[in-house]
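[1] coords below, sequence missing:
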């Protein structure tokens, strides 16, 4: 074969080889992309099926027609929920990835079926370890809840709460509206401690001063209210002006004076299990021998050392619900338990009333708060309503004495 012909043949072979390699690379890349796409689709379908299988235990259907069924706006929801649990579910709602006609019914179904326990992941264990290692409710961290929750805007709470601005469960036994339910609760507290004119009362976690104002006006009491919220102090001082009421920005551990009675409405949830005994020691130290202490708190059916990840992140940082056992241990050797009253079903009504007010006033509130806040606050209020309807959380009023009431305590309902 001539030399030129041989060179041309080699050149052709090289070109053909390059074309073959390029086609092979393209084919391989296409195959890889197809496999990657099919894998993603498979994982997505698997995640979707897993979520549907879990929800079906609570008789909830994806894109179903019942008021508690959820409607999917973003298919990434499934993997997010499986990876992050309740935190992923709540954050995905804020992001608009899913909706539900009646969130309270959705959570009632989930919690009644105990799906929250079945869907726990490794991050729950990390939160428990963190709570055990650190005092998340220490004196140094005590004011965080005020800054992150109660200080976000008095305009929000004025719009959402009753006319007295009482941010705790109302008492609906004979009440037909939120204002009446909250006034009935305040009066019940005064009667349970046997409040008399001129007596000095400490209100631990006084909020915007609803109890202080009511007790001073209706019963002639002298009230000291303490809170870790600057915004609450400012409004409470204004609301209680001219009355025998003193409002302080103060941590409960700093109080060291005597009172005829002590009450605490909806603050104990921020104390933390490492501080329950410290809290009760403070109450014992400041309560006169014949006085009564009324503790109004949300409670859990099990002893825990942390709380729901979504609630901790967005609503109540460093919070947790006490159990009967934990409260019992904290009061042992200090108090006689005179009365334990559970009216947790009233909290569902209270939360739904708060949401109705929030929804009603949203057109004005939206000038300050964005759509993500609306979805977060809606999720918070309605998920909690579902929680109480499912009876997974309780509302207790506990009356304690230092030495036992002579001739016995008469329970009031």
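    Happy to help now that I have it. Keep in mind that this is a model prediction, so the values were computed, not measured.
[2] May I have the distance across stretch 48-67, first residue to last?
    Using CA to CA, to the nearest Å, one end of stretch 48-67 lies 20 Å from the other.
[3] And the contacts of it?
    The contact list for stretch 48-67 (CB atoms under 8 Å, 6 or more residues apart in numbering) reads 68-72, 75, 77-78, 81-82, 100-102, 105-106, 109-110, 112-113, 115, 118-119. In this view, the C-beta of every residue, glycine as well, is placed from N, C-alpha and C.
[4] Report the buried members of these.
    Among those, those classed as buried by neighbour count (16 or more other CB atoms under 10 Å) are 68-70, 72, 77-78, 81-82, 100, 105-106, 109-110, 113, 115, 119.
[5] Next up, phi/psi of the closest residue to residue 178 other than its chain neighbours, please.
    In space, and not counting its chain neighbours, residue 178 is closest to residue 353: 4.2 Å by CB to CB, 6 or more residues apart in numbering. The phi/psi pair for residue 353 (degrees, to the nearest 10) reads phi -70, psi -40.
[6] Count the neighbours of residue 333 for me.
    10 (other CB atoms under 10 Å).
[7] what do you get for residue 324?
    Residue 324, neighbours per other CB under 10 Å, totals 16.
[8] Give me the pLDDT for it.
    Note on residue 324: pLDDT of 98.
[9] ok, now residue 28?
    So, for residue 28, pLDDT stands at 50.
[10] Adjust the sequence numbering to begin at 609 for everything that follows.
    Understood, numbering begins at 609; the last thing we discussed is residue 636.
[11] Helices of the stretch 859-1008 of the chain, start to end?
    Using DSSP state H, counting those that start in this stretch, the helices of the stretch 859-1008 of the chain run over residues 884-894, 917-922, 932-939, 953-973, 979-997.
[12] if I pick residue 910, what's in contact with it?
    Residue 910 sits in contact with residue 931, where contact means CB under 8 Å, 6+ apart.
[13] what's the spacing between it and residue 665?
    20 Å (CB to CB, to the nearest Å).
[14] Any stretches of the protein with poor pLDDT?
    For the chain, the stretches with pLDDT under 70 are 609-653, 724-757.
[15] which ones are touching the residue nearest the centre of the chain?
    Closest to where the C-alpha atoms of the chain average out (CA atoms, centre = their mean) is residue 919, at 4.1 Å. By CB under 8 Å, 6+ apart, the contact list for residue 919 reads 927, 988.
[16] measure it to residue 818 for me?
    Taking CB to CB, one finds residue 919 at 23 Å from residue 818.
[17] Same check on residue 843?
    11 Å.
[18] go on, residue 703?
    35 Å.
[19] between these two, which one's more packed in?
    residue 818 (27 against 15).
[20] end-to-end on stretch 823-839?
    Note: stretch 823-839 ends 21 Å apart using CA to CA.
[21] now that stretch, how far from the centre of its chain.
    Here stretch 823-839 is found 25 Å from its chain centre; the criterion is CA atoms, centre = their mean, to the nearest Å.
[22] Give me the buried stretch members for it, please.
    For stretch 823-839, by 16+ other CB under 10 Å, it's 823-824, 827, 829-837, 839.
[23] now do stretch 918-931
    918-920, 922-931.
[24] Would you map the strands across the stretch 759-908 of the chain?
    808-812, 830-835, 853-857, 867-873, 895-908 (DSSP state E, counting those that start in this stretch).
[25] JSON lines please, covering those strands and showing distance to residue 989.
    Shown next, in JSON lines, are the strands of the stretch 759-908 of the chain (distance: least, CB to CB, whole Å):
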{"stretch": "strand 808-812", "distance to residue 989": "25"}
{"stretch": "strand 830-835", "distance to residue 989": "22"}
{"stretch": "strand 853-857", "distance to residue 989": "27"}
{"stretch": "strand 867-873", "distance to residue 989": "19"}
{"stretch": "strand 895-908", "distance to residue 989": "14"}
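[26] For residue 785, find the nearest of those strands.
    strand 867-873 (19.7 Å; CB to CB).
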